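*Asks:* below is the sequence, then the predicted model.
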Amino acid sequence: MLKATVSDRPDLFTWAFLGLGLLLLPLGLYLALSAPPDVNQGYLARIMYLHVPGAWLGYLAFFVTFLYSLLYLFRQDPRYDRVALASAEIGLVFMGLALVTGMLWARPTWGVYWTWEPRLTTTAILFAVYVGYFLLRGAIEDPELRRKAAAAVGILGFINVPISYMSVKWWRSLHQTQSIDLTTGKIHMAPEMLQALLFNLLVFTLLYLGFVRLRALVAALEARKEEA
Amino acid sequence: MRRALLLALRDLRLEVRDRAGLLSVLAFFGVMLFIMALALGPEEAPLRRAAPGVLWVALAFASTLLSTRAFALEVEDGTLDDLLLVPGGKEWVYFGKLLFQMLLLLPLSALAFLMAAGLFYLPLEKALPILLTLALGTLGYASVATFYAGLLARLRGREVLLPLLLFSLVVPVVLSAVRATAGLVEGLPLSEVASWWQLLAVFDVVYLTASALLFPVVMEG
């Protein structure tokens, strides 16, 4: 097997992403809290600045898991698997954030914390798939089989991401459709709000990159200990 | 493809000769239906409304008993490696096993439908569209189940792990199948149910191609 030396400490990039993310986080919150209220929802709409970046980063993280799972299966290099693992874990955190903020948002606007409408259901399924991903990893002893099985879940499970994303368009759903539509490139949002949202998205992305690098490093150290 | 067919027919013959596996699945399914019929009460309306969900949940649980059997005998007899060593591709092993699973699941789900129809007042005049839904649903289910059964074939404790993995991945299939069945039971026009069928077909195609492509990769080594 290829033996790459693993440094014990996070490298410069990891520190840079994490530091910048943490530094800009208060600024993002300030922008979010000073953004103009929504016409219909008033100040309630401000939860969007956590909800939307959380969901996006969740999707992105699972896409990265998908990509690195594919890479792992075709290259058989454990490093890819570690990135897939790290991304899935951080993605789960961001998806959880999106779910929780979504519930907090749903209560005052829809009157309930949870309802079984397509967007919520598909997102909950997505969440369950990646919880399953970690259950699987915990259940298989043999490292190689564990990596292969996890990669398979990472690939097959990803199909839920586009479904979840498109669910608001495919079904008449309670959840509103995208304000920034990635499939058509149309934006239905006031510029001030958009600015705050995109800034928060940037902050979240920085944090995501930092966390994934950190988690992959931890996974590498774990693997080294397992081998020793 | 001839090889896949041969493999499926051989497995089917072994399975039918053995009988214990098939009978236990049927018995499990029957008991589950009884329990749920009892739990949901004797009135017709709630039973009728619960029917699509009950049918699919019972079917999904009962089928996990079958899915581990796809590769169980190969591992017991040590013939899995022989199969994988046959020159020229490994996809046919997957397709053979999938075909075997489908050959078991299709009659089983038809039987299951009849049992559920008896206990839960499913409309028998809708049998054809419901059978189509069953066929689409079981195909999606079996394509993932067969893939994972192969992947976990050599693992101890696979009987526990397989359902765990399978359910999180087949939830979209089961969900759209339930919705399609519910639509049929409620008497919606076929054109409205068709969108669920389309979705089911999309899941089937995606899961099938992804599994068939990944199978040779994960079975190596």
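*Replies:* All right, it came through fine.
*Asks:* which ones are touching A:Gly138?
*Replies:* The contact partners of A:Gly138, by Cβ atoms under 8 Å, 6 or more residues apart in numbering or on different chains, come to none. C-beta: built from backbone N, CA, C; applies to glycine.
*Asks:* ok, it to A:Ala149 distance?
*Replies:* Counting by Cβ to Cβ, to the nearest Å, the gap from A:Gly138 to A:Ala149 is 11 Å.
*Asks:* and A:Arg224, how close does it get to A:Leu209?
*Replies:* Note on A:Arg224: its distance to A:Leu209, by Cβ to Cβ, is 23 Å.
*Asks:* what does B:Leu132 give?
*Replies:* Distance, B:Leu132 to A:Leu209, by Cβ to Cβ: 47 Å.
*Asks:* more crowded one of the two?
*Replies:* Counting neighbours by other Cβ atoms under 10 Å in any protein chain shown for B:Leu132 and for A:Leu209 shows that A:Leu209 has the greater number, 20 against 15.
*Asks:* skipping adjacent residues, who's closest to the more buried one in space?
*Replies:* Excluding the flanking residues, the one nearest A:Leu209 by Cβ to Cβ, 6 or more residues apart in numbering or on different chains is A:Phe17, at 4.4 Å.
*Asks:* sticking with the one you found, tell me its helix or strand.
*Replies:* Assessed by DSSP states H and E, A:Phe17 sits inside helix A:12-34.
*Asks:* other SSEs contacting that helix?
*Replies:* Counting contacts by 3 or more Cβ pairs under 8 Å, 6 or more residues apart in numbering or on different chains; DSSP states H and E, helix A:12-34 is packed against helix A:48-75, helix A:191-227.
*Asks:* what's the most buried one of those?
*Replies:* helix A:48-75 (a mean of 22; mean count of other Cβ atoms under 10 Å in any protein chain shown).
*Asks:* mind showing which ranges of the chain have poor pLDDT?
*Replies:* Assuming you mean chain A. Applying pLDDT under 70 to chain A picks out residues A:1-6, A:172-173.
*Asks:* can you look at chain B instead?
*Replies:* For chain B, the stretches flagged by pLDDT under 70 are B:221.
*Asks:* and the helices in it?
*Replies:* Along chain B, counting by DSSP state H, helices occupy B:2-18, B:20-39, B:44-67, B:69-77, B:80-85, B:91-120, B:127-151, B:158-186, B:190-219.
*Asks:* need these in TSV (columns: distance to chain A).
*Replies:* Output for the helices of chain B, formatted as TSV (distance: least, Cβ to the nearest Cβ, whole Å):
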stretch	distance to chain A
helix B:2-18	21
helix B:20-39	20
helix B:44-67	12
helix B:69-77	14
helix B:80-85	14
helix B:91-120	13
helix B:127-151	5
helix B:158-186	4
helix B:190-219	5
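*Asks:* which of those helices sits closest to A:Leu197?
*Replies:* Closest approach to A:Leu197 among the helices of chain B (Cβ to Cβ): helix B:158-186, 29.0 Å.
*Asks:* got the angle for the closest one vs helix B:190-219?
*Replies:* 170 degrees (axes from the mean of the first three to the mean of the last three Cα atoms, to 10 degrees).
*Asks:* report all helices and strands that helix B:158-186 contacts.
*Replies:* Using 3+ Cβ pairs under 8 Å, 6+ apart as the contact test, the elements touching helix B:158-186 are helix A:118-139, helix A:143-156, helix B:44-67, helix B:127-151, helix B:190-219.
*Asks:* now do 7 Å
*Replies:* If you count contacts as 3 or more Cβ pairs under 7 Å, 6 or more residues apart in numbering or on different chains; DSSP states H and E, helix B:158-186 packs onto helix A:118-139, helix B:44-67, helix B:127-151, helix B:190-219.
*Asks:* quick check, distance from that helix to the centre of its chain.
*Replies:* On the basis of Cα atoms, centre = their mean, to the nearest Å, helix B:158-186 sits 9 Å off its chain's mean C-alpha point.
*Asks:* next: stretch A:33-48.
*Replies:* Averaged C-alpha coordinates place stretch A:33-48 at 23 Å from its chain's average position (Cα atoms, centre = their mean).
*Asks:* in terms of helices and strands, where is A:Trp114?
*Replies:* Short version: A:Trp114 belongs to no helix or strand, going by DSSP H and E.
*Asks:* ok so, going back, what count of nearby residues applies to the residue nearest to A:Leu209?
*Replies:* If we define neighbours as other Cβ under 10 Å, then A:Phe17 has 21 of them.
*Asks:* check the gap between the residue most central in space within chain A and A:Ile47 for me.
*Replies:* Centroid-nearest residue in chain A: A:Gly58, 1.8 Å away (criterion: Cα atoms, centre = their mean). Counting by Cβ to Cβ, the gap from A:Gly58 to A:Ile47 is 16 Å.
*Asks:* check B:Ala51 too.
*Replies:* In this structure, B:Ala51 and A:Ile47 are 39 Å apart, going by Cβ to Cβ.
*Asks:* so between the two, which is more surrounded?
*Replies:* Ranked by neighbour count (other Cβ under 10 Å), B:Ala51 and A:Ile47 place B:Ala51 first, with 23 against 18.
*Asks:* list the residues that contact the more buried one.
*Replies:* B:116, B:120-122, B:185 (Cβ atoms under 7 Å, 6 or more residues apart in numbering or on different chains).
*Asks:* leaving out the residues flanking it, which one is nearest to A:Ala223?
*Replies:* Once flanking residues are discounted, A:Ala223 sits nearest to A:Pro78: 6.4 Å by Cβ to Cβ, 6+ apart.
*Asks:* er, B:Tyr207 I mean
*Replies:* B:Ser143 (4.6 Å).
*Asks:* please list the residues of chain A that sit near chain B.
*Replies:* Residues of chain A lying near chain B by Cβ under 7 Å from any Cβ of the partner chain: A:73-74, A:125, A:128-129, A:132, A:135-136, A:139-140, A:145, A:148-149, A:152-153, A:155-157, A:159-160, A:163.
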